[in-house]
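Q: sequence and predicted structure are below.
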Amino acid sequence: MRTRTQVAGAIVVVAALAACGSAQGGGVPAQDGWSVVPEGPLSARTNASVVWVGDRFVVVGGDDGPPCPPTADCVVPSGALRADGASFDPVAGAWARIADAPTPVFASTTAVVGDTLYVLTDARRDGSPPTLLAYDVGEDRWTTLPTPPDGAGRLVAAGDVVLSVPGSDELETGADSWFDAVTGTWHAIPDDPLGPSFDRSIVVVDGRVLLTAKDLVPSPGAEEPAVVRMAELDPTLTTWTVLPDSEVIGSDPVSAAGRLVFPDPGSADGGEIGNWGRAYAFGGVYDPATGDWADLPAVPTRTSWPRVVVGERVRVGDALLDPATGSTSALPASPWGATDSPSIAGSPTAVLAWGGMADGTATGFLLVP
């Protein structure tokens, strides 16, 4: 394996991304700080991948069927899968069509390294195997790459490499791996020291590769809380170090302002049967430089999903939190309706929500908080 002297980067997921660039915003005002973006070249769809790459948002793929109802769990596309895409420059307020992907892109996991967008399709949902694609923004070119050894994990950008991280050991015997773009090969990461686990996430915080997970036991949370356990992978991607357990029971953390943030407010105590004796918080802020935890501030709690990171701030309920200072600012209400399900991505200064409109339009909204 090639030695890495430094690993830096941030986790990139369909719903929330942090990268570099700037945005002024443009379009017709919608409400409370949101603007309707100009009409683009793409048809209406749901489950598109929206990603900040370099200095623009890239929108690719999706499903041209109706949105999934808010209370439903839609695991298959409701229409035809799409492979076309476009980029949106929020400064100029302009769209540009990009080259079609080699294969349809639906409900995919993504990661960004430099000006290259990596997309691991979850096309298993239509019976075909997953496909790993790379899109070079400058060249407007797609490349098909070898898939991770275990199929489809969550992609994570770590410096100049891409990691594939299975979310659970429960249903598959997957293993973490990393991709070398120079040789076009995948390499195994040593087994983590936490043992069989679920709710697994790897987040890169100021160059530190942090694994969060919960013990995979029968009926997790039935007798005691399923608290988050943690380990850190060294910059060469060869050695793990176990970190102290947390008292947080949330999942899907993100990186912001040099902190690991579990952004879900609220707590649970196990209920009347199997009560844990006290409440445990879903969310919290971890500083890997000091090993200290901080509570989330009290904020209005509509939801913290989807995850959104805007520069150094992260969505916590109805607010944007700076996890380094603990300060918050109000997050304007969403201008779309309860039956809409847009795909959402953040940049250093803006948030783009696009597609998924129940009225069948290809509407997008931009927020510069």
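A: Thanks, I have the structure now. Quick caveat: nothing in here was measured; it's all calculated off a predicted structure. Residues are numbered from 1 along each chain as shown.
Q: for stretch 240-260, C-alpha coordinates in CSV please.
A: Provided in CSV are the C-alpha atoms of stretch 240-260 (Å, rounded to 0.1, in the frame of the first residue of the first chain):
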residue,chain,number,x,y,z
TRP,A,240,-6.3,2.0,14.3
THR,A,241,-6.5,3.5,17.7
VAL,A,242,-9.5,3.0,20.0
LEU,A,243,-11.0,6.2,21.4
PRO,A,244,-13.0,6.5,24.6
ASP,A,245,-16.7,5.6,24.2
SER,A,246,-19.3,8.4,24.0
GLU,A,247,-22.6,8.8,25.7
VAL,A,248,-24.3,9.8,22.5
ILE,A,249,-26.8,7.5,20.8
GLY,A,250,-27.3,9.3,17.5
SER,A,251,-26.0,8.4,14.0
ASP,A,252,-24.8,9.9,10.7
PRO,A,253,-22.3,12.5,12.1
VAL,A,254,-20.7,15.2,9.9
SER,A,255,-17.6,17.3,10.0
ALA,A,256,-17.7,21.1,10.6
ALA,A,257,-15.3,23.7,12.0
GLY,A,258,-12.8,21.0,13.1
ARG,A,259,-15.5,19.1,15.1
LEU,A,260,-17.4,15.8,14.7
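Q: buried residues in it, which are they?
A: For stretch 240-260, the neighbour count (16 or more other CB atoms under 10 Å) marks 240, 243, 246, 248-257, 259-260 as buried. For glycine as for every other residue, the C-beta is placed from the backbone atoms N, C-alpha and C.
Q: for that stretch, give the mean pLDDT please.
A: Mean per-residue pLDDT for stretch 240-260: 97.
Q: try stretch 177-194
A: Averaged across stretch 177-194, the pLDDT comes to 94.
Q: what of stretch 314-324?
A: For stretch 314-324, mean pLDDT is 96.
Q: hmm, who's touching that stretch?
A: Here stretch 314-324 makes contact (CB atoms under 8 Å, 6 or more residues apart in numbering) with 16, 254, 256-259, 261, 263, 265, 283, 285, 294, 296-297, 299-304, 307-310, 312-313, 327-331, 333, 369.
Q: please pick the buried ones from the residues you listed.
A: Counted by 16+ other CB under 10 Å, these give 16, 254, 256-257, 259, 261, 263, 265, 283, 285, 296-297, 299, 304, 307-310, 312-313, 328, 331, 369 as buried.
Q: just the residues you listed: which are in strands?
A: Here DSSP state E is the test, and the buried ones among the contacts of stretch 314-324 give 254, 256, 259, 261, 285, 309-310, 313, 328 as lying in strands.
Q: a markdown table for these, including distance to residue 200?
A: Below are these laid out as a markdown table (distance: CB to CB, whole Å):
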| residue | distance to residue 200 |
| --- | --- |
| 254 | 15 |
| 256 | 20 |
| 259 | 20 |
| 261 | 17 |
| 285 | 20 |
| 309 | 20 |
| 310 | 25 |
| 313 | 25 |
| 328 | 29 |
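Q: so which of those residues comes closest to residue 87?
A: Set against residue 87, the nearest of those by CB to CB is residue 310 (19.2 Å).
Q: per-residue confidence at that closest one?
A: In this prediction, residue 310 carries a pLDDT score of 95.
Q: quick one: residues contacting it.
A: Residue 310 touches 18, 320, 346-351, 369, counting by CB under 8 Å, 6+ apart.
Q: cool, residue 218 as well?
A: Residues near residue 218 by CB under 8 Å, 6+ apart: none.
Q: so how far is residue 150 from it?
A: Going from residue 218 to residue 150 by CB to CB, to the nearest Å gives 24 Å.
Q: repeat that for residue 98.
A: In terms of CB to CB, residue 98 sits 29 Å off from residue 150.
Q: okay, those two: which has more neighbours?
A: Higher neighbour count among residue 98 and residue 150: residue 98, with 20 against 17, using other CB atoms under 10 Å.
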